[in-house]
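Student: Below: sequence and its predicted model.
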Amino acid sequence: GENVEQHPSTLSVQEGDSAVIKCTYSDSASNYFPWYKQELGKGPQLIIDIRSNVGEKKDQRIAVTLNKTAKHFSLHITETQPEDSAVYFCAATDSWGKLQFGAGTQVVVTP
Amino acid sequence: GAVVSQHPSWVICKSGTSVKIECRSLDFQATTMFWYRQFPKQSLMLMATSNEGSKATYEQGVEKDKFLINHASLTLSTLTVTSAHPEDSSFYICSASWDRGEDGHLSSYNEQFFGPGTRLTVL
């Protein structure tokens, strides 16, 4: 089955700096890779996703890159702001369309 | 669009009682709904996959007689935690998706839209 590893587990950045979170997956059949932001006590919110036929996708300050050969994908947040502080989860679909989540990254943006 | 609601947002119950959690897709028809549980500072763990009009498929290690799932319509799925015990205390989150592939399985291109979660505390 699919196994998704996520690093780092915690990430502290100064406001305005960039944050990068990396994930690897094991199932070569995976073809959909979403990223979620979860604030305390709330459900996950989709912030960006990428499909296997695309190598990079950008939405304002957020970008995701995918390397299918190496089976890894990354989230990049530029010009971080205090409201970016949250737990971020990567995920990858298995061949049944079910999402397998990474362990999460606690991002803290300090003013 | 693609809004998913859950009710209640939190519930406290006594040990041995049953609790029902509702998950609704508000502006789309969800052919598939998923139920997750999340312990503090941990990731989401899939409990079961629910397709409208058919029995739910449970993940390994999840007791189907304890966590009853009903997906009676394209906009509503319910999770009932039966005979709840303190170890069932957790954050329960549903998600909804639509459109199955030709082989009957969920297309792995489909997004999942998550509800806000339900905090269950069993005393």
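Tutor: Structure received. Numbers count the residues shown, from 1 in each chain, chains lettered A, B, ... in the order given.
Student: Low-confidence bits of chain A, can you list those?
Tutor: Within chain A, the segments meeting pLDDT under 70 span A:1.
Student: Chain B contacts on that one?
Tutor: A:29-32, A:34, A:36, A:41-46, A:49, A:51, A:89, A:93-99, A:101-104 (CB under 8 Å from any CB of the partner chain). The C-beta positions use only the backbone N, C-alpha and C, and glycine is treated the same way.
Student: Chain B versus the residue lying closest to A:H7 once chain neighbours are set aside, what's the distance?
Tutor: Among residues not flanking A:H7 along the chain, A:K22 sits closest, at 5.4 Å (CB to CB, 6 or more residues apart in numbering or on different chains). Taking CB to the nearest CB, to the nearest Å as the measure, A:K22 falls 16 Å from chain B.
Student: Who is the closest residue to B:N110 other than its chain neighbours paired with across the strands?
Tutor: Nearest non-adjacent residue to B:N110, counting by CB to CB, 6+ apart: B:S97, 4.6 Å away. On the basis of DSSP bridges, B:S97 is bridged to B:T32.
Student: number of nearby residues for B:S97?
Tutor: Residue crowding around B:S97 was assessed by other CB atoms under 10 Å in any protein chain shown; the count is 23.
Student: where's it relative to B:S83, distance?
Tutor: Between B:S97 and B:S83 the distance, using CB to CB, to the nearest Å, works out to 30 Å.
Student: for B:V11, same thing?
Tutor: Distance from B:V11 to B:S83, counting by CB to CB: 15 Å.
Student: of those two, who's got more company?
Tutor: A count of neighbours by other CB under 10 Å puts B:V11 above the other of B:V11 and B:S83, at 17 against 12.
Student: Direction included, what does the helix or strand hosting the more buried one pair up with?
Tutor: Taking DSSP states H and E as the criterion, B:V11 maps to strand B:10-13. The pairing partners recorded for strand B:10-13 under DSSP bridges are strand B:118-122 (parallel).
Student: Now do the strand it pairs with: everything it contacts.
Tutor: Here strand B:118-122 makes contact (CB atoms under 8 Å, 6 or more residues apart in numbering or on different chains) with A:41, B:6-15, B:19, B:21, B:81, B:84-93.
Student: One more: stretch A:89-96?
Tutor: The set of residues external to stretch A:89-96 that reach it, using CB under 8 Å, 6+ apart, is A:1-2, A:4, A:6, A:21, A:23, A:25, A:27, A:29-36, A:38, A:44, A:73, A:75, A:99-102, A:104-105, B:43-44, B:105-106, B:108.
Student: Separate out the buried members of those residues.
Tutor: Buried members of these, counted by 16 or more other CB atoms under 10 Å in any protein chain shown: A:2, A:4, A:6, A:21, A:23, A:25, A:27, A:30-36, A:38, A:44, A:73, A:75, A:99-102, A:104-105, B:43-44, B:106, B:108.
Student: show me where the chain has strands.
Tutor: This is for chain A. With strands called from DSSP state E, chain A shows them at A:4-7, A:10-14, A:19-25, A:32-38, A:45-51, A:56-59, A:62-67, A:72-77, A:86-93, A:99-101, A:105-110.
Student: wrong one, I was asking about chain B
Tutor: Counting by DSSP E, the strands of chain B are B:4-7, B:10-13, B:19-25, B:32-38, B:45-51, B:57-58, B:67-73, B:76-81, B:90-97, B:113-114, B:118-122.
Student: what about those strands, which gets the closest to A:R61?
Tutor: strand B:113-114 (21.8 Å; CB to CB).
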